[in-house]
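K.L.:
dropping a prediction and its sequence here:
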Amino acid sequence: MKFYTLNSATKFFAILKRMDINLFNIIQSLTSDFTTISERLNLTSSFTLCSKYIQNTDSIAIEGSNHYFSIEKITDEAPGVRTFRLKFKEEREGEDFHFKAGQFGEYSAFGEGESTFCIASSPTRKGYIECTFRQAGRVTTGLSRLETGATIGFRGPFGNTFPLDEWKGKNLLFIAGGIALPPMRCVIWNALDLRENFNDVTIIYGAKSVADLVYKEELREWDNRPDVRLVTTVDPGGETPDWKGQVGFVPSVLEAVAPDSDNTVAIVCGPPVMIKFTFPVLEKLGFKDEDIYTTLENRMKCGVGKCGRCNVGKLYVCKDGPVFTKAQLNNMPSEY
């Protein structure tokens, strides 16, 4: 990590960042006369805040982690939900880009701001990344208006990771609900691309309705694989006449499936209410707290632990997470 001492001008940009004014938008206008992406990247690389301050209060630490992507492919997953496949503007930069399953980034819609999403593609797939988002606010609305070929900004990757190396030789149980499948999709494909490293793979995924299921093509692909056990479910009332999956809430379906907890790691991603009722079922099935993993992605904004929006007790989700074990959650304030 490189550290720089900022002069008054760049301190000004750091202050704007704290005020939720998007740096990419400013830099885009400052560099509008430049003719190459590489020139822009050279200028922008020193504007990202780092995860800690230097002791001298007149200096701020920053790191270069800004990237420009073009949208290569857009997939409409569900009502209001889209997946972008993002290709690096410069191929050489893509070759040098590395991330691990569980990490996230800050995605910029120029003129609108930044929004935080996990990287939904596997690090085993090179040359591009993917993100999936639901249109909900100003930035995601701006992103949803973009078409194939458009340019977006990216800061990252940030955060900790799922410890796949520690899971070698274990069974993997994935439990996801709704739009929370994207962070798990990254881990699933990572594991399937290295299938020889793991034993049984079980995926339990539910959504409010059939229409709300995301990654429908990949669900069919996983269902057809002999080395994956896939169980899909929709909430009561969300089924269609031709629905062949389960009908019921994820915790109830999990209890009915009753996966063996012996030598098994459980990864849970979903709405808070789903996670709340899933944990007791896992406990009933014999899972230990240190073998249950989840992600907390609430209110992340800056990505480096400085804006304070994502603090959970003494921890910052963006810096200390977003991946936590249930054993770690037990030491957090009760509201989480």
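P.N.:
Now that the structure is in, tell me what you want to look at.

K.L.:
so, low pLDDT: which residues of the stretch 51-200 of the chain?
P.N.:
Within the stretch 51-200 of the chain, the stretches falling below the threshold (pLDDT under 70) are 51-64.

K.L.:
show me where it has strands.
P.N.:
With DSSP state E, counting those that start in this stretch applied, the stretch 51-200 of the chain shows strands at 62-63, 66-78, 81-88, 104-109, 113-118, 128-134, 151-158, 171-177, listed in chain order.

K.L.:
for those, which one ends up most surrounded?
P.N.:
Greatest average neighbour count among the strands of the stretch 51-200 of the chain goes to strand 104-109 (a mean of 26), per mean count of other C-beta atoms under 10 Å. The way it works is simple: take the backbone N, C-alpha and C, and place the C-beta from them, glycine included.

K.L.:
now do that strand: which elements does it pack against?
P.N.:
Under the contact definition 3 or more C-beta pairs under 8 Å, 6 or more residues apart in numbering; DSSP states H and E, strand 104-109 sits against strand 113-118, strand 128-134, helix 138-144, strand 151-158.

K.L.:
neighbouring contacts of that strand?
P.N.:
Taking C-beta atoms under 8 Å, 6 or more residues apart in numbering as the criterion, the residues outside strand 104-109 that touch it are 22, 24-25, 114-119, 129, 131, 133, 139, 142-143, 145-146, 152-159, 183, 297, 300, 303, 318, 322.

K.L.:
mind running it again at 6 Å?
P.N.:
For strand 104-109, contacts defined as C-beta atoms under 6 Å, 6 or more residues apart in numbering pick out 24, 114-118, 139, 142-143, 152-159, 303.

K.L.:
with stretch 162-181 instead?
P.N.:
101-102, 134, 184, 187-188, 191, 197-207, 214, 250, 259, 263-271, 274, 323.

K.L.:
can I get the buried ones among these as something I can paste into ChimeraX?
P.N.:
Buried residues within the contacts of stretch 162-181, as defined by 16 or more other C-beta atoms under 10 Å, are selected in ChimeraX through the command that follows:
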select :101,102,134,184,187,188,191,198,201,202,203,204,205,206,207,214,250,259,264,265,266,267,268,269,270,274,323
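
K.L.:
how is the protein divided into domains?
P.N.:
Taking automatic domain parsing as the domain assignment, the ranges for the chain are 8-63, 67-158, 164-295.

K.L.:
Cys310 is nearest to which of those?
P.N.:
Among the domains of the chain, domain 67-158 comes nearest to Cys310, with 9.0 Å by C-beta to C-beta.

K.L.:
give me the below-cutoff pLDDT ranges for the stretch 201-336 of the chain.
P.N.:
Applying pLDDT under 70 to the stretch 201-336 of the chain flags the ranges 298-299, 335-336.

K.L.:
quick one: the strands in it, in order.
P.N.:
Using DSSP E, counting those that start in this stretch, the strands assigned to the stretch 201-336 of the chain run over residues 201-207, 229-234, 246-247, 264-269, 292-295, 311-312, 315-316, 323-325.

K.L.:
with distance to Met332 added, can I get those strands in a markdown table?
P.N.:
Rendered in a markdown table, the data for those read as follows (distance: least, C-beta to C-beta, whole Å):
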| stretch | distance to Met332 |
| --- | --- |
| strand 201-207 | 25 |
| strand 229-234 | 29 |
| strand 246-247 | 32 |
| strand 264-269 | 16 |
| strand 292-295 | 12 |
| strand 311-312 | 5 |
| strand 315-316 | 7 |
| strand 323-325 | 8 |
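
K.L.:
Val81 is nearest to which of those?
P.N.:
For Val81, the closest of the strands of the stretch 201-336 of the chain is strand 201-207, at 10.3 Å, according to C-beta to C-beta.

K.L.:
what helices and strands are in contact with the closest one?
P.N.:
strand 171-177, strand 229-234 (3 or more C-beta pairs under 6 Å, 6 or more residues apart in numbering; DSSP states H and E).

K.L.:
any idea how far Val281 is from Asn66?
P.N.:
Distance check for Asn66 against Val281: by C-beta to C-beta, to the nearest Å, it reads 42 Å.

K.L.:
the nearest residue to Val139 once chain neighbours are set aside bridge partners, please.
P.N.:
Leaving out its chain neighbours, the residue that sits closest to Val139 by C-beta to C-beta, 6 or more residues apart in numbering is Ser115, at 4.0 Å. Counting by DSSP bridges, Ser115 forms beta bridges with Tyr107.

K.L.:
for stretch 83-102, measure first residue to last.
P.N.:
Length of stretch 83-102, first residue to last, C-alpha to C-alpha, to the nearest Å: 17 Å.

K.L.:
and for that stretch, what's in contact with it?
P.N.:
Counting contacts by C-beta under 6 Å, 6+ apart, the residues touching stretch 83-102 from outside are 37, 68-73, 75, 77, 119, 123, 127-132, 157, 161-162, 186-187, 190, 323.

K.L.:
burial count for Thr140?
P.N.:
Burial of Thr140, expressed as a neighbour count using other C-beta atoms under 10 Å, amounts to 21.
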